[in-house]
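# generate a structure from the sequence data that follows.
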Amino acid sequence: MQAEPQIQEASTTLSGAARVLVNAGRLTARAAEDLARQAKEKKIGFVAAAVAANALPPSDLAHTLSQVLAIPLVDLNAVDLQRVPRDLLDPKLAHQYHVVALGRRGNRLILGGADPTDQEVVERIKFATQLQSDWVLVEHDKLSKLLAGSATGTSEALESIAGGDIDFDIAEEDTDKKEEAQEMAEVEDAPIVRFLQKMLVDAINMRASDLHFEPYEFIYRVRFRVDGELREITQPPVAIKDKLISRIKVLSRLDIAEKRIPQDGRMKMKFGAKAIDFRVSTLPTLFGEKAVIRILDPSSAKLGIEALGYEKVEKERLLNAVQRPYGMVLVTGPTGSGKTVSLYTCLNILNQPGVNISTVEDPAEINLPGINQVNVNDKAGLNFAAALKSFLRQDPDVIMVGEIRDLDTADIAIKAAQTGHMVLSTLHTNDAPTTLTRLMNMGVMPFNIASSVILITAQRLTRRLCEQCKQPADYPHEALIKAGYKEEDLDGSWRPYRAVGCSACNNGYKGRVGIYQVMPISEATQQIILSNGTALDIARQAQLEGVRDLRASGLHKVRIGVTSLEEVLAATNE
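Numbering: from 1, shown residues only. From the prediction side, this is the model:
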């Protein structure tokens, strides 16, 4: 009476096929445990171990699994393998996981295997093919014979790793790294290479700005930032995290062996006739290294100022400022608000054969022909201030400083603006008026600010409503007044729109548009600066001169149907 509970207890410690065979009475619990131990020692599957030990005939084993699991049983001898497509599954994978691809229906792959209960194999096949799998049972001995007859050399398997016109570029001058990359390509699994390529191509097609590869204790997550919003794309097996981060490091010329400190690098992918740069950052976390890849598309800097969302008056103010012979133009806003794109757009306008332009950045994100771009290198002593001092001896017309972070950089930039150069730079402040008080807090003298800064533009990015599915929204009158509209604005001549969502967009939004506060420094504003006025004093003067603040600029975008009220309130809730 006590034997049955012992069998049941023993069977619960076994995996998949072993439990099925024990519960069906085809194996004893002790025999199943012995076979499981042998499988673990030989690093093979349980079914393979059972067949090798002659514990069960392959046909009996397959019939039992088929009946208990309710999975169809297919006789491989009756299958015309000449009519089975050969490109459904990499031959190397088929041998490694002891499976055969028999067909495909849409996004589902029909796989034949001797043990469909092996969840690790199921997940790895799903990851490698990016397809859902429908399994059929086949006899182990017939499958082994089939795979032995279609063995593929390693070199042939490697040739199928990357299809199409996709290729990664390794710097020619970095020969050691190039050889290292070639060695890594020879030993890495084809699924890892294919998976990374697919993620990058998908991110480009989805217009994503960043890819996040995030390891956690029990899951590995991939997220894309699309239109400013992070979206989870997939959860590949946790086991691939080390190989994937090694692949990313090789392509971006980082130290594979160094896993204790953050690293930064770049890589380039040839996407057909188009080459796209990526900025790579790795970070050691509790459960492995996280990688974030920023997509640097040069075409984003060549869109033109009209595509950025400047209104007519704002565009005229900005263009008048940057085309002056000297002075300082500052672009402000938080990280990810589009400051770099705005600066590069201005540089593109100024980039003429007769103009000498130099930039210092940390790092240079977009390569622009005709512009002398310098990367900050703190270890070598090349910081923003040192580069600026050198620029002044390089006969420049236009200087762009990636960011003013300290008093030394601010002083040199202001002196450059005062001595006949156009200087463009960025600061991290909430709006245009607080930028001037931020410079004073840094230690810049008020008369230097008043005599050098000619325009400040603050900006945010909001998601653009999809033109195909947006619909009129019925907001309460009180909510519109609270948002910032005046009674005279709500005369019924316009309707706000809301996001709906369709197959052509992302939850009702497609792309992003900027909202701007473009504030020229007038004589009245200069007087406020010289008298140590506050940001509130400067903001009041700007309002008198017709400068819209960020909230008012966003509400105008809502009025003309470009974005939604929710987006504007989220972007300007300060």
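# so what's the backbone phi/psi at residue 226?
phi -110, psi 120 (degrees, to the nearest 10).
# now the nearest residue to it once chain neighbours are set aside: how far from residue 459?
Leaving out its chain neighbours, the residue that sits closest to residue 226 by Cβ to Cβ, 6 or more residues apart in numbering is residue 208, at 4.9 Å. Bear in mind the C-beta positions are built from the backbone N, C-alpha and C, glycine included. Residue 208 is 21 Å from residue 459, where distance means Cβ to Cβ, to the nearest Å.
# circling back: distance of the residue nearest to residue 226 from residue 293?
For residue 208 relative to residue 293 (Cβ to Cβ), the value is 10 Å.
# higher neighbour count, those two?
residue 293 (26 against 23; other Cβ atoms under 10 Å).
# now do the same for that one: helix, strand or coil?
Under the three-state scheme (DSSP: H, G, I helix; E, B strand; the rest coil), residue 293 adopts strand.
# oh, and call the first residue 39 from now on, that's how I've got it
Sure, I'll start counting at 39 from here, so that last one is residue 331.
# number of nearby residues for residue 245?
15.
# no wait, residue 316
Neighbours of residue 316 (other Cβ under 10 Å): 23.
# what mean pLDDT does the helix or strand harbouring it get?
Secondary structure from DSSP states H and E places residue 316 in strand 312-323. For strand 312-323, mean pLDDT rounds to 89.
# same thing with stretch 61-71?
85.
# residues contacting whichever strand or helix holds residue 428, please?
When elements are assigned from DSSP H and E, residue 428 belongs to helix 422-429. Outside of helix 422-429, the residues within contact range by Cβ atoms under 8 Å, 6 or more residues apart in numbering are 396, 398, 400, 412, 414, 437, 439-444, 446-447, 450-451, 454.
# before we move on, what's the pLDDT of residue 208?
At residue 208, pLDDT is 49.
# try residue 204
pLDDT, residue 204: 53.
# what do you get for residue 547?
90.
# surely it meets residue 265?
Yes. Here residue 547 lies in contact with residue 265, judged by Cβ atoms under 8 Å, at a distance of 5.5 Å.
# looking at those two, which is more packed in?
Using other Cβ under 10 Å, the more surrounded residue of residue 547 and residue 265 is residue 547, with 23 against 20.
# wait, what's in contact with the more buried one?
Per Cβ under 8 Å, 6+ apart, neighbours of residue 547: 265, 501, 502, 503, 504, 537, 605.
# re the thing from before, which of the contacts of helix 422-429 are buried?
396, 398, 400, 412, 414, 437, 439-443, 446-447, 450-451, 454 (16 or more other Cβ atoms under 10 Å).
# mind checking which of those residues are in helices?
446, 447, 450, 451, 454 (DSSP state H).
# specify which member of those is nearest to residue 555.
residue 451 (21.4 Å; Cβ to Cβ).
# residues in contact with the closest one?
Taking Cβ under 8 Å, 6+ apart as the test, what residue 451 contacts is 366, 426, 437, 439, 442, 461, 463.
# got the contact list for the helix or strand encompassing the first one?
Think residue 366. Element membership of residue 366 [criterion: DSSP H and E] is strand 365-370. With Cβ under 8 Å, 6+ apart as the test, strand 365-370 has contacts from 356, 359-360, 377, 380-381, 384, 442, 451-452, 455, 460-470, 473, 490-497.
# as a markdown table, the ones in helices among the buried ones among the contacts of helix 422-429 with pLDDT would be great.
Output for these, formatted as a markdown table (pLDDT from 0 to 100):
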| residue | pLDDT |
| --- | --- |
| 446 | 89 |
| 447 | 89 |
| 450 | 91 |
| 451 | 91 |
| 454 | 91 |
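# which of those sits closest to residue 389?
residue 454 (18.6 Å).
# can you tell me how far that closest one is from residue 462?
Distance from residue 454 to residue 462, by Cβ to Cβ: 11 Å.
# what do those two both touch?
residue 437.
# can I have stretch 127-144 written out in CSV, keeping just the CAs?
These are the backbone C-alpha positions of stretch 127-144, laid out as CSV (Å, rounded to 0.1, in the frame of the first residue of the first chain):
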residue,chain,number,x,y,z
LEU,A,127,15.7,26.2,-39.3
ASP,A,128,19.4,26.5,-39.2
PRO,A,129,21.0,23.0,-39.6
LYS,A,130,23.3,23.7,-36.7
LEU,A,131,20.3,24.3,-34.4
ALA,A,132,18.5,21.2,-35.7
HIS,A,133,21.5,19.1,-34.7
GLN,A,134,22.0,20.9,-31.4
TYR,A,135,18.4,20.5,-30.2
HIS,A,136,17.6,17.3,-32.1
VAL,A,137,14.6,18.5,-34.0
VAL,A,138,13.5,18.9,-37.6
ALA,A,139,11.5,21.7,-39.2
LEU,A,140,8.7,20.2,-41.3
GLY,A,141,6.8,23.3,-42.4
ARG,A,142,5.5,26.7,-41.6
ARG,A,143,2.0,28.3,-41.3
GLY,A,144,2.2,32.1,-41.0
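# in three-state terms, label residue 233 for me.
Residue 233, by the three-state scheme (three-state DSSP), is helix.
# show me what the helix or strand where residue 59 lies packs onto, helices and strands only.
Take DSSP H and E as the rule and residue 59 turns out to sit in helix 54-61. In this structure, helix 54-61 packs against helix 41-50, helix 67-80, helix 84-90, helix 96-107, with contacts taken as 3 or more Cβ pairs under 8 Å, 6 or more residues apart in numbering; DSSP states H and E.
# chain center to the last one, what's the gap?
Helix 96-107 sits 45 Å away from the centroid of its parent chain (Cα atoms, centre = their mean, to the nearest Å).
# give the buried residues for it.
96, 99, 100, 101, 102, 103, 104, 106.
# can you pull the phi/psi pair for residue 503?
The phi/psi pair for residue 503 (degrees, to the nearest 10) is phi -60, psi 140.
# hmm, I typed the wrong one, I wanted residue 172.
phi -110, psi 120.
# distance check, it against residue 232.
For residue 172, the distance to residue 232 - Cβ to Cβ - is 21 Å.
# could you list the low-pLDDT ranges of the protein?
39-52, 118-125, 187-227, 309-311, 336-342, 612 (pLDDT under 70).
# quick check, central residue of it?
residue 249 (1.8 Å; Cα atoms, centre = their mean).
# hang on, it in a strand?
Yes. Using three-state DSSP, the assignment for residue 249 is a strand.
# thinking it is in contact with residue 319, fair?
No. Using Cβ under 8 Å, residue 249 is not in contact with residue 319, being 11.0 Å away.
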